[in-house]
Structures are given as C-alpha cells and as structure tokens.
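Chemist: Next one to model:
(chains A and B)
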Amino acid sequence: MTVQTTDQHWEDQFKAALGTAPEPDFKAWCAQNADAVAQLTNPSSTPVALPVPPKRRTLTVLSRWVVASLLIAGGALWLSTSESFSSRAFADTIPGIDGVQSMTWTNTYYIRYTSQDGQRTWVEPERRLHAYRHPGRYRETLLNRQGEPIAIHITDTRAGRMLTLDLKAKKAVLKLPTSHRGERPPFAWVGDEIRERKNGDSLRVKALSVAGRTMLDKTEANVVRAMLQSTSDLSVYRQDLLFDVTSKRLLGIWQPIPNEPKLEFETVIEPGKTVEKDWSIIQPIASLTHEMVLDPMLAATEFSLDPPEGYTLEKQAQPTVTEEEMLAFLGAAARFNDSQFPDSPFDAIDRDKFNAASKKEPASAELKALTEIRDKILMREIFRSPVSQFVDDQTVAGSFHYVGSGVKVGQAERIVGWYRLRNSKQLRAFFGDLSVRDVTEKELPLDVAK
Amino acid sequence: MERSDAELVLAASRGDLECFGQLFQRHYRMAVGIAHCRLSDGHLAEDAAQEAFVIACRTLSTLRQPDRFPHWLGTITRRTASRLAVSQPKDVPLSENQEPTSDVAAAVLHQQVHEALEQLDETSREIVLLHYFSGLSYEAIAEVIDLSKPAIHGRLQRARNRLAEVLAPNPT
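Modeler: Residues are numbered from 1 along each chain as shown, chains lettered A, B, ... in the order given. Below you'll find the predicted structure:
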C-alpha cells in the first residue's frame, strides 16, 4: 500500500492519516490540576519581588541564596523519611551522611562583586561555620569579610526555636526558626539523592554520574555529579558530591548557581583581580560545603537557647503584619499607583513602574513611603505580600474580601475591603481614606452570605 | 472583541482563571502539535501538552513578555515532551502504539505517514504538524517558531515536496 501523490489526493490522505489535534477541555484540565489552579487564583501565595537599593539587596539576595541552599539541603530532611535504598553502589552506610551524631563543617559562599563604577568584578569567599548535634540542633557562626565572627544562630528543631546572637551589640533574639530542618542528620538528603534519585518533593535527580577525581582540602576525592531538576519550573542545578577516595566519607559539596554551571571551586577565585572596598552589585555564584569533621566533641551548652551572660534578650513572636501596617502598606501602594487602589491587594505594586521609579533621582515621596513600609516588613523576614500575611495571621479564614479596585485614596465613603479579626465575630471594614471601623453586614456593598 | 494574548496573560497572572482558560482554549492544539512532533503517541502528546499548561500556570507571573506567550508555551511544551520521550522505551514499533483496527490499509498508511515525517528535520516536522494536525495559520505558526511568515511558507512548501516524494508510489 502506498499513498497516491497526484494532485491534492496525497495531501488529503496525509491529513486523514495524521488526524487532527483534540479539542481542548479546560474544565477537565482544571479538575485534574486543582493545585496549579489554586496557585493561579490565589496570588497571595506568590511573594512580591521588589528591587531594593544595593545595601538592602545584599541582605535580600544573600537571604534568598541561603534559603535556596537550605531548601536543597534541607528539603529531604523533613519531607522524605523513606528508608528503602535502590543503588547498589551506595547501599552501605555512608560516613557523613548516615548515622551522624555530631559534626562540624564550613559553607563557603562565593560572591561576585561589581565595582562602584560598574567597570570591574572580582570574587570573594564568605565563610560560615556550622555545627550539628543530634537530635536536630544546629549552630551557625557568621563571619565578616575579615573572617571575624559577627553573629551566631542556634536552632533547636525539636523546640521549634532559634536564638540569634549579635556578638557586637551583645543582643540575643529568641524567635521561630527561619528554615525547616528535621531531626535527620544534616546531610541525609545526599543519601536520598543517590539512593532514591530525589531531594524532597521539589527536586528530582535527572542524572547521576562519576565525574573523575579532584583534591579538596588536601584530600583526594571522587566526584559524583548530580544534575537536579526543579519539579516546578524544570530549571537544572549542578551539584558535585565529593567522597574521600580512601574512607568513602562525604568530603564536600560544590554547587554553582544554575546559570553558571561550569564554575569550578578550584578556579572560581580569578587570580590577579583586585579586591575593592566599595562595590555596587553583589551576586552569590556558588557554594562549597567542606571542612567536614565527623563526631567531634561538641558540648550541649554550645547549642543552648539560653543567651550568654551579659546579653540582652528579646523574645520575638512569630513575625506578622498588623492591621495598621497592612493599611499603611496598601495606602502607600495606592498613592504610588496614582492614588488609586490596586486591582489585587495581594499584588499591589506595579513592578515595572516601581523599577522605573527606583532609577529616578531624587526618589518621589510616594516611592519613599512605599519603600519604607515594605522594607520594615521585609526586615522581619516576611518575603510575601504583607496583605497575605495579615490575612493569614489576623483574620478568620475566608472572611477577607477586597472591592478596592479603582477606588481613589481619600474616598471616605467607599469601602475598600472587609474581614473578621480572629476571635471576633465583628466585621471590620477599611475605607478609601484608610480609616477602619466595625461595620454591620448591611453596610457592605456585597451580600456576605453570597 | 477578542482579547490579545498579552491582555489575557496579564489578567491570568493576577489570578483570573477565565482568562487562563481562554489561553488554554486558544493554544491547546498548538501545544499538542508540538508535543506530537517529539512523541509519536497521541495520548502522550496530550499528556505533555497538559503538563506544559500546568507549568505555564504555575510560572505565568515570570513571563516578561506577555505577548510572546505562544512562543514561551511552545518552549515549555518542547522541554516537557522531550522529558517524556526520554522516559519512554526506545524503538517501540509505531504499530504497537495504535488502536486496534480492522482497516489494515489505514494502519499501513498511518505508519507510512509517520515514517515520512521522520525524514524531515525537526523544525519542518513541527511546522507540518502545526499546520496539518493543529490547524494553525502561517501567522500563528510564526508566533510559536522564531521564523517569519514567508519563511514558514517556504519551509512548509519544501516539506510538502519532500513528503510527496517520500510517499510517492514505488515504480514497478
């Protein structure tokens, strides 16, 4: 059997054999992907990313870098508890990964600096010293550019508390941990990657290969290269796991950022580059976990949540956004938005407009006010929409409603939104002039029951 | 009046599900066509297209040029389909993927067509599938593939000639 190729006949037969693409069925797709739909229709779950001035950007970028590292490092710690191993090559216990009772290690972050005039770049290492004591106790020492300790973070995952010590100001803060860690050893996730080919639910191991040998801290190491893929956006991360050739223990982990996958720790510091005191942009480009010491003697007092003598102690409640701050933020966003309330309170800032305005000198009063309230909330390590944080923390679930799209700032008679505060049955409404008061259902523009 | 892709993307990224639904209706066939180019199984192609929309739904707010939605979705679909293709067993005879049929001639024709498509380079194959299978116009194809309308026309014409050549009856 062959196809007739004369005239249009072959084309008709071709089309018939190929068939036609199926009809789209959006309802069915929605039903099958409810979580994706929920993510789309609830923008409050998406943090607003704002550009901030360089000094603040340092904090934000570094925090995100550290958070990203911790997500990768810690994802499997609490998400995966499976004990089933599938890889024969790593079927036995791996020192440094399994059964760790105590250990210390160093994380060196490599930061690319750009000079103030934007003409030169150089890379500087930033070290952080870590210690772990079973079960679930961590101590992290932050160092300055000169390598001197400036702060210590102690986390007790069982207690669900974190103590931060500012060594210069002699100030201690007791708060909720800023990262999710479980009670498994700190590098148990490496075992998950090798044996189960995944790291938590968010990363899967796309490929695992032996990539030769290298020297790390004067020790010869086998390099096992894992290519990790994010299950959400499919971006790929390179991660080199270094194992001591002789003892087989985990010796180090090298991880360049996704868009610089070819960076190597041996050559990341470029020779001949001058380190300058002032800079305009910094960007973390890779991290190296190394100097791992297994089972050192670590005193329990090193992990105590009691502040050392001479320190002032501040007990910080869970960071939140108050009603007053939520209104101040929304008002500042509205004033920045030509004095008009945004379409969505959860995505209240036009990022393009904000970016453009940030480049203008001098900054407008509206931009200054918006930056001030946003930074105040960012400094509490709240990186999501302040309105979302307020809604989640302070209001009865499902009671927050927003009808402010298009309302002008100052319109005292126009209701912008309403909610019920927790532990209260009373409705609260806020208005175009940013006032807030208790209201009855009859005063609302929509039927609450509906 | 029909809203542009850019308008729909902006509204959808603010949480408007209906607008995302319109994007889905508008570009689903395109996504299946692109996936079909890499996955000869129609069901798998549909799976890939649906997964591509899941990724698009989750990451819509990262799309910097909303008017380039079809191109962006096309890229996601290619990646998704390639990933699915890797996880599929290699060298499975095409006939094993087909529905049982009593029409032997149709089955043979089906296989010949797919073998003929395999003779084309990937871009040409994609253009052919987007035109004949997904029913896209030259203009719509140009939005997905980084080529001009005349270039699409030229490519399609050459692909048609090549297909006609491959599918021509053997001289006896």
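Chemist: Can you find the helix or strand of chain B with the lowest average pLDDT?
Modeler: Of all helical and strand segments in chain B, the minimum by mean pLDDT, DSSP states H and E falls on helix B:94-97, at a mean of 40.
Chemist: ok, now chain A?
Modeler: helix A:54-79 (a mean of 40).
Chemist: and whichever helix or strand comes after it, which strands flank it?
Modeler: Going down the chain from helix A:54-79, the next helix or strand is strand A:102-114, by DSSP states H and E. Sheet partners assigned to strand A:102-114 using DSSP bridges are listed as strand A:121-133 (antiparallel), strand A:281-294 (antiparallel).
Chemist: tell me the most buried of those?
Modeler: strand A:281-294 (a mean of 19; mean count of other Cβ atoms under 10 Å in any protein chain shown). Using the backbone N, CA and C atoms, a C-beta is placed for each residue, glycine as well.
Chemist: for the record, mean pLDDT for it?
Modeler: In this model, strand A:281-294 has an average pLDDT of 91.
Chemist: For the helix or strand just after that strand, which residues meet the burial criterion?
Modeler: Remark: after strand A:281-294, the chain's next helix or strand is strand A:312-315, criterion DSSP H and E. In terms of neighbour count (16 or more other Cβ atoms under 10 Å in any protein chain shown), strand A:312-315 has no buried residues at all.
Chemist: what does strand A:312-315 rub up against?
Modeler: Contacts to strand A:312-315, defined as Cβ atoms under 8 Å, 6 or more residues apart in numbering or on different chains, come from residues A:170-175, A:307.
Chemist: low-confidence ranges in the chain?
Modeler: No chain in the question, so chain A it is. A:1-8, A:42-92, A:180, A:232-233, A:447-450 (pLDDT under 70).
Chemist: My question was about chain B, not that one.
Modeler: Chain B contains residues with pLDDT under 70 at B:1, B:87-107, B:168-172.
Chemist: And the helices in it?
Modeler: B:5-13, B:17-38, B:42-59, B:69-87, B:94-97, B:104-118, B:122-128, B:138-144, B:149-167 (DSSP state H).
Chemist: and A:Arg133, which of the ones you listed is closest to it?
Modeler: Taking Cβ to Cβ, helix B:42-59 is the member of those nearest to A:Arg133, at 38.2 Å.
Chemist: list the helices and strands the closest one packs on?
Modeler: helix A:26-32, helix A:34-41, helix B:17-38, helix B:69-87 (3 or more Cβ pairs under 8 Å, 6 or more residues apart in numbering or on different chains; DSSP states H and E).
Chemist: thinking A:Ala357 is in contact with A:Ala369, fair?
Modeler: No. Using Cβ atoms under 8 Å, A:Ala357 is not in contact with A:Ala369; the gap is 12.0 Å.
Chemist: Can you work out which residues contact both of those two?
Modeler: With Cβ under 8 Å, 6+ apart, A:Ala357 and A:Ala369 have common neighbours A:Phe336.
Chemist: For stretch A:236-249, list every residue counted as buried.
Modeler: A:237-244.
Chemist: ok, so of these, who is nearest A:Glu291?
Modeler: A:Leu242 (11.9 Å).
Chemist: Help me confirm that the closest one is found in a helix?
Modeler: No. Per DSSP: H, G, I helix; E, B strand; the rest coil, A:Leu242 lies outside any helix segment and is strand.
Chemist: Identify the residues contacting it.
Modeler: A:214, A:216, A:221-224, A:250-254, A:290.
Chemist: let's see it at 7 Å
Modeler: A:214, A:216, A:221, A:223, A:251-254 (Cβ atoms under 7 Å, 6 or more residues apart in numbering or on different chains).
Chemist: One more: B:Lys149?
Modeler: B:138-139, B:142.
Chemist: Check B:Ala6 too.
Modeler: B:Ala6 touches B:66-67, counting by Cβ under 7 Å, 6+ apart.
Chemist: Name the residues of stretch B:32-51 that come out as buried.
Modeler: B:32-42, B:44-51.
Chemist: Identify the residues contacting it?
Modeler: Contacts for stretch B:32-51 (Cβ under 7 Å, 6+ apart): A:21-22, A:29, B:28, B:31, B:74, B:77-78, B:80-82, B:84-85, B:94, B:97, B:114, B:122, B:125-126, B:129-130, B:133-134.
Chemist: Please list which of the contacts of B:Lys149 are also close to chain A.
Modeler: Among the contacts of B:Lys149, not one lies near chain A by Cβ under 7 Å from any Cβ of the partner chain.
Chemist: Since ChimeraX is what I'm using, could you give me a select command covering those, but only where they're buried?
Modeler: Only the buried members of the contacts of B:Lys149 end up in this ChimeraX selection, burial being decided by 16+ other Cβ under 10 Å:
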select /B:138,142
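Chemist: ok, of the contacts of B:Lys149, which one's closest to chain A?
Modeler: B:Tyr138 (16.2 Å; Cβ to the nearest Cβ).
Chemist: Contact partners for that closest one?
Modeler: B:149, B:152-153 are the contacts of B:Tyr138 under Cβ under 7 Å, 6+ apart.
Chemist: returning to what we had before: is it possible to get CSV of the helices of chain B that adds distance to A:Ile194?
Modeler: Formatted as CSV, those follow (distance: least, Cβ to Cβ, whole Å):
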stretch, distance to A:Ile194
helix B:5-13, 38
helix B:17-38, 30
helix B:42-59, 27
helix B:69-87, 20
helix B:94-97, 34
helix B:104-118, 38
helix B:122-128, 35
helix B:138-144, 39
helix B:149-167, 46
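Chemist: deepest of the ones you listed, which one?
Modeler: Ranked by mean neighbours (mean count of other Cβ under 10 Å), these are led by helix B:17-38, with a mean of 23.
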